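Colleague: need a 3D model of the sequence below.
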Amino acid sequence: MARYTGPRTKIARKFGDTIYGADKYFEHKNYPPGFHGANKKRRKTSEYGLQLKEKQKAKYTYGVLEKQFLNLFNKASRSKGVTGEVLLQLLESRLDNIVYRLGIAPSRAAARQLVSHRHILVNNNIVSIPSYSLRPGDIVSIREKSKSLETITESLANHRVSVSWIEWDDAQLSGKLMNRPEREEIPENIKEQLIVELYSK
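Modeller: Numbers count the residues shown, from 1 in each chain. You can find the predicted model right below:
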């Protein structure tokens, strides 16, 4: 299955959450999509349905495919610590996510494109793999000839780093991953325990 490229508001409405960021269309139609919309009588979702929905929500939020997500879950389950929290830490440590968190790109999809088009450096080396996993102490910066790109300059002008585990250097246009975030520091509205329960069946 290829990465989802369809209407984002429709997906946000499906999950009842602005998973792609601020969305004026979602505010006008914050009910599930479909012909009958808010008036449709919906059956109570089963326990499995809730777990599956939460996994899909996490996948869409971080732009990860099924196989990648399963690999990350298996890695998290083998690691020390609470599996669900470690899973979110691994997702947050992806290069495309860090580029987005630093404000270099306006969305994770745009961040993924910047990385794959070789505009991003990690520890002064070009890395073109969006799923590249960063470790505490790694420094993410913009390639010198890419610093004047309109997409990057506009995004940086409209964004400030809002999480505590990464540090932004305005002078160098670079960011540093200080540490892996604690669960309460991750702003995404994801019930990771439901994902763990789904994969544990």
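Colleague: quick check: longest helix of this protein.
Modeller: helix 47-62 (DSSP state H).
Colleague: dump the helix or strand just after that helix to PDB, restricted to CA.
Modeller: Downstream of helix 47-62, the first helix or strand assigned by DSSP states H and E is helix 66-78. C-alpha atoms of helix 66-78 as PDB (Å, rounded to 0.1, in the frame of the first residue of the first chain):
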ATOM      1  CA  GLU A  66       1.900  -0.700   8.100                       C
ATOM      2  CA  LYS A  67       5.100  -2.700   7.800                       C
ATOM      3  CA  GLN A  68       7.200   0.200   9.200                       C
ATOM      4  CA  PHE A  69       4.800   0.600  12.100                       C
ATOM      5  CA  LEU A  70       4.900  -3.100  12.900                       C
ATOM      6  CA  ASN A  71       8.700  -3.100  12.900                       C
ATOM      7  CA  LEU A  72       8.700  -0.100  15.200                       C
ATOM      8  CA  PHE A  73       6.300  -1.900  17.600                       C
ATOM      9  CA  ASN A  74       8.500  -5.000  17.600                       C
ATOM     10  CA  LYS A  75      11.500  -2.900  18.400                       C
ATOM     11  CA  ALA A  76       9.600  -1.100  21.200                       C
ATOM     12  CA  SER A  77       8.500  -4.400  22.700                       C
ATOM     13  CA  ARG A  78      12.100  -5.700  22.800                       C
END
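Colleague: residues near Pro106, how many?
Modeller: 17 (other Cβ atoms under 10 Å). Using the backbone N, CA and C atoms, a C-beta is placed for each residue, glycine as well.
Colleague: lowest mean pLDDT among the helices and strands of this structure, which one is it?
Modeller: Every helix and strand of the chain was ranked by mean pLDDT, DSSP states H and E. The lowest is helix 24-28, at a mean of 52.
Colleague: domains for this structure, by residue range?
Modeller: In terms of domains, the chain is parsed into 8-84+191-199, 94-179 (source: automatic domain parsing).
Colleague: what's the burial count for Gln89?
Modeller: Using other Cβ under 10 Å: Gln89 sits among 22 other residues.
Colleague: that one is in what secondary structure piece?
Modeller: helix 83-92.
Colleague: how about Lys176?
Modeller: Going by DSSP H and E, Lys176 is part of strand 174-177.
Colleague: parallel or antiparallel, list what pairs with that strand.
Modeller: strand 139-142 (antiparallel), strand 166-169 (antiparallel) (DSSP bridges).
Colleague: with that, I have no additional questions.
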